[in-house]
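Participant: Starting from these lines, generate the structure:
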Amino acid sequence: MCCIVSGASGARARTARNLLLFGVAGAALFAAAPDAQARTTQITITKRAIAFGGHSFPGVGQYEVVTGIATGEVDPADARNALITDIELAPKNADGRVVYQHNFYILKPLDFSRGNGKAMYEPPNRGRKTYQALNNTPTGTDDPAAIIDADELKNSFLWPQGYTTIWSGWENALGPLDGLTATAALPVATRAEGKKITGPSYEYIVTNGAVSSFALSYPANSTSKRKATLTHRVHLNDEPEVVPSSGWSYTDDTGTAIQLTSGNFAANDIYEFSYTAKNPTVNGLGLAAIRDFVSFLRRSTVDDSGTPNPLGGKLKRIYTEVSSQPGRTLNDFTYLGFNEDEGGKKVFDGMMQWIAAGDGLNMNYRWSQTKRTNRNRQDLLYLEGLFPFANVTTRDPISKTTDGRFKRCSKTRTCPLKIDFFSSNEYWVKAASLMHTDPKGKRDLPDHPDARLYLLSSKNHGGPGDPTSKGLCQQFQNPIDSAPVQRALWQALDQWSTLGIEPPPSEIPHLGDGTLVPPLPQQAVGFPEIPGVTYTGLKTTRYRFDYGPKFYETGVPTINPPVVSTPYEDNPANGPIYPSFVPTTDSDGNEISGIRLPEVTVPLATYTGWALRAGVWANDGCEGSGQYIPFPRTAADRQAAGDPRASVEERYASYGVYRRKVTEALDNLVRRRFMLCDDAKAALPRLLQAGLDAGVPPPANPNDDASLPECRRR
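Facilitator: Take a look at the predicted model:
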């Protein structure tokens, strides 16, 4: 099986997409029932204690941590729930409701009246909390209440302001419900009289190290090998070779894992396993779990048994903060109408979505695997990139349907204010450009009134990379940090919600001004020909796949993995794609559009949001990684290397010149509300030292580096 990307080779490609199920089909269009019963019915507190070792925040006081397990139930006949795939096949209680459970973790001011009445809610990323970047909390713990470092707590972003912070499980079977990892227990769909459901399932297997076995997402219906196939290849565009049935086996009679009969799965090689599975979980219930728990926290005083809501139903505002995977979950959440609760009220006031971009999640269909994510070399046949991609309504030339992420919530007036904030990597390996170009790739789209889009220029996916390490990639990792911009955009979202002050205009590349182009040829993108740096134009492409009859109406595949045509460029009759694009760069290789941090506007290196693998996998995509390619230090170094980029020596004649440019860059970001003054002040010494390390001449006077950003001088 070949899966991939558009590029000069026109190689076979395929990529899949997340089912925002029933996009335009019937069930999701029903009116809400007045007696909707979807709700959190019971909370069981497992821990309630003083947090942060008793640390007290000025004006707010101490915090307490509250953990527990929530039980919820949904009425499958309610239109708000009927669009959940297999909900009608889930077990029901005596009242005809479908029951599920999840755990939760809350940090709240001990005296809630001293808080700001606002909450940050984070649906965790594969069970893990990812609040650290926004909150300026270096300690990477899933138990933030255990942080006791006074300076770290003092410098945190949310708690000194009085925010409540909330995490709850939504993703099935990630661990015990009483653990710190946020997880959920979702029911298994069954036919009448408990008869099991079977069907085609598919695993894409790439491991970071040699492993002896691989756990399947769903158990095999039978350990017979007759209807199961394992293939192997090294490169993405290699022809997959079938592993003989004698070359692999199930690890035991449960059919829950497979192994090779000789040796381990080779690290970074590609294996694919197709088989008949049983017992699908109703994964779409995770969307209801988010909706109903958050609605309970902000609007109910007690559960059905009289247990008090730990927040007393007193929240005035609640915003989401996400990183990557759960942002794609919330894209589906908004599109499918889950931001409307059982009473017809808005669940989230605002959403800030970091590195989710234009995709949904592999969630609301049978045999879905929510942990998957499409990138250049991985998981290309899982549902993620299904129309609609944009918040505004557009026409899909392939499915011949008209839809938009905000179409349903606009009708009920329950749309959240939404900030989509993403890296350059989301243009190269995700569907970022489809958020703001029409599905034909012919024109730019306007903003939805309730949403803004921001590119963080030349940034990799995720946190800052290690600029001293290459990992699996050909170049050093991109060290650009998104955290200061996240905090500024969070403040802008809050001001938008509470004061009606609109955030800064969207900062994205456009087809109309030539800052958004196809990834090939290299000259069109503007990326320089740097010695030792390979450019391939490797970019993932979004298709609409064939999973069998009525799949897009029912969410039930009969073909899995899907049938894939050749790319549109090779065969216009059989392989239509959704054209997508990448940002252009300046002559240094740094992107022209978007929010440009000082690393990009006063550069010491080339930074990219894409990267290529090294070793035997050379020139396959290096997934979410970016590149850090330092400039030559001197003109002589540049000439010796044949590097087209000016050296640090040629760019910055003196320390004073460099310092002035950096300070101006920080001031510009503060004025435009893309950085807070405190973060600008904290960034200046680091940026000045980076310049010295890269070859900027040292100051003639040791005290000649005491300038502050303008916001601190006023």
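Participant: So what's the residue count around Arg686?
Facilitator: Using other Cβ atoms under 10 Å, Arg686 has 11 neighbouring residues. C-beta coordinates here come from the backbone N, C-alpha and C atoms, glycine included.
Participant: is it fair to say it lies in a strand?
Facilitator: No - read with DSSP: H, G, I helix; E, B strand; the rest coil, Arg686 is helix and lies in no strand.
Participant: quick one: it from Asn478, how far?
Facilitator: 16 Å (Cβ to Cβ, to the nearest Å).
Participant: Excluding covalently adjacent residues, which one is nearest to Leu669?
Facilitator: Met675 (3.9 Å; Cβ to Cβ, 6 or more residues apart in numbering).
Participant: Surely the one you found and Gln486 touch.
Facilitator: No - judged on Cβ atoms under 8 Å, Met675 makes no contact with Gln486 at a distance of 10.2 Å.
Participant: Settle this for me: Gly526 is touching Asp586, isn't it.
Facilitator: Yes - using Cβ under 8 Å, Gly526 makes contact with Asp586 at a distance of 6.5 Å.
Participant: Please identify every residue contacting each of those two.
Facilitator: Common contact partners of Gly526 and Asp586 (Cβ atoms under 8 Å, 6 or more residues apart in numbering): Ile592.
Participant: Comparing the two, which shows the higher neighbour count?
Facilitator: Counted by other Cβ under 10 Å, Gly526 and Asp586 do not tie: Gly526 has more neighbours, with 19 against 15.
Participant: list the contacts for the more buried one?
Facilitator: Listed by Cβ under 8 Å, 6+ apart, the contact partners of Gly526 are Thr584, Thr585, Asp586, Ser587, Gly589, Ile592.
Participant: Tell me the buried residues within these.
Facilitator: Buried residues within the contacts of Gly526, defined by neighbour count using 16 or more other Cβ atoms under 10 Å: Thr584, Thr585, Gly589, Ile592.
Participant: Columns distance to Ser458 and pLDDT on top of the residues you listed, output as TSV?
Facilitator: TSV is the format used below for the buried ones among the contacts of Gly526 (distance: Cβ to Cβ, whole Å; pLDDT from 0 to 100):
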residue	distance to Ser458	pLDDT
Thr584	11	98
Thr585	8	98
Gly589	8	98
Ile592	10	98
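Participant: Let me have those residues in TSV, extended by distance to Ser482 and secondary structure.
Facilitator: Conversion of the buried ones among the contacts of Gly526 to TSV gives the following (distance: Cβ to Cβ, whole Å; DSSP: H, G, I helix; E, B strand; the rest coil):
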residue	distance to Ser482	secondary structure
Thr584	21	coil
Thr585	19	strand
Gly589	19	coil
Ile592	19	coil
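Participant: Among these, which one lies nearest to Gly61?
Facilitator: Ile592 (47.3 Å; Cβ to Cβ).
Participant: how about Gln491, secondary structure?
Facilitator: Three-state assignment for Gln491 (three-state DSSP): helix.
Participant: excluding its backbone neighbours, what's nearest it?
Facilitator: Counting by Cβ to Cβ, 6+ apart, the nearest residue to Gln491 once its immediate chain neighbours are dropped is Leu676, at 6.7 Å.
Participant: Tell me how many other residues surround the one you found.
Facilitator: Other residues lying near Leu676 total 19 when counted by other Cβ under 10 Å.
Participant: where does it fall, phi/psi-wise?
Facilitator: Dihedral angles of Leu676 (phi, psi; degrees, to the nearest 10) stand at phi -80, psi 150.
Participant: check contacts around it.
Facilitator: Taking Cβ under 8 Å, 6+ apart, we find Leu676 in contact with Pro484, Arg487, Ala488, Gln491, Val670.
Participant: Just list what the top strand by length along the chain packs against, helices and strands only.
Facilitator: Ranked by residue count under DSSP state E, the longest strand found in the chain is strand 61-74. When contacts are defined as 3 or more Cβ pairs under 8 Å, 6 or more residues apart in numbering; DSSP states H and E, strand 61-74 packs onto strand 39-50, strand 98-109, helix 285-299.
Participant: and the angle for whatever helix or strand comes next after the second one with strand 98-109?
Facilitator: So that's strand 98-109. Note on strand 98-109: by DSSP states H and E, the next helix or strand toward the C-terminus is strand 118-122. Interaxial angle, strand 118-122 versus strand 98-109 (axes from the mean of the first three to the mean of the last three Cα atoms, to 10 degrees): 130 degrees.
Participant: So for strand 118-122, mean pLDDT?
Facilitator: For strand 118-122, the mean per-residue pLDDT is 98.
Participant: Does anything pack onto that strand? Which helices or strands?
Facilitator: Against strand 118-122 (3+ Cβ pairs under 8 Å, 6+ apart) you get strand 164-168, helix 285-299, strand 317-323.
Participant: The one residue sitting closest to the centre of the chain and Leu110, how far apart?
Facilitator: Central residue of the chain (Cα atoms, centre = their mean): Ser324, 1.5 Å from the mean position. Applying Cβ to Cβ, the value for Ser324 to Leu110 is 32 Å.
Participant: Neighbours of Glu340, how many?
Facilitator: Glu340 has 22 neighbours, counted by other Cβ under 10 Å.
Participant: ditto for Pro698
Facilitator: The number of residues packed near Pro698 is 12, by other Cβ under 10 Å.
Participant: Was I right to think it contacts Leu688?
Facilitator: No - when contacts are counted by Cβ under 8 Å, Pro698 is not listed as touching Leu688 (10.4 Å).
Participant: picking that back up, I'd like the contacts of Gly526 written out as CSV, with distance to Leu455 added.
Facilitator: As requested, those are exported to CSV (distance: Cβ to Cβ, whole Å):
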residue, distance to Leu455
Thr584, 12
Thr585, 13
Asp586, 15
Ser587, 19
Gly589, 16
Ile592, 10
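Participant: out of those, which one sits closest to Thr320?
Facilitator: Ile592 (30.3 Å).
Participant: list the contacts for the closest one?
Facilitator: By Cβ under 8 Å, 6+ apart, the residues touching Ile592 are Ser457, Pro509, Thr515, Gly526, Pro583, Thr584, Thr585, Asp586.
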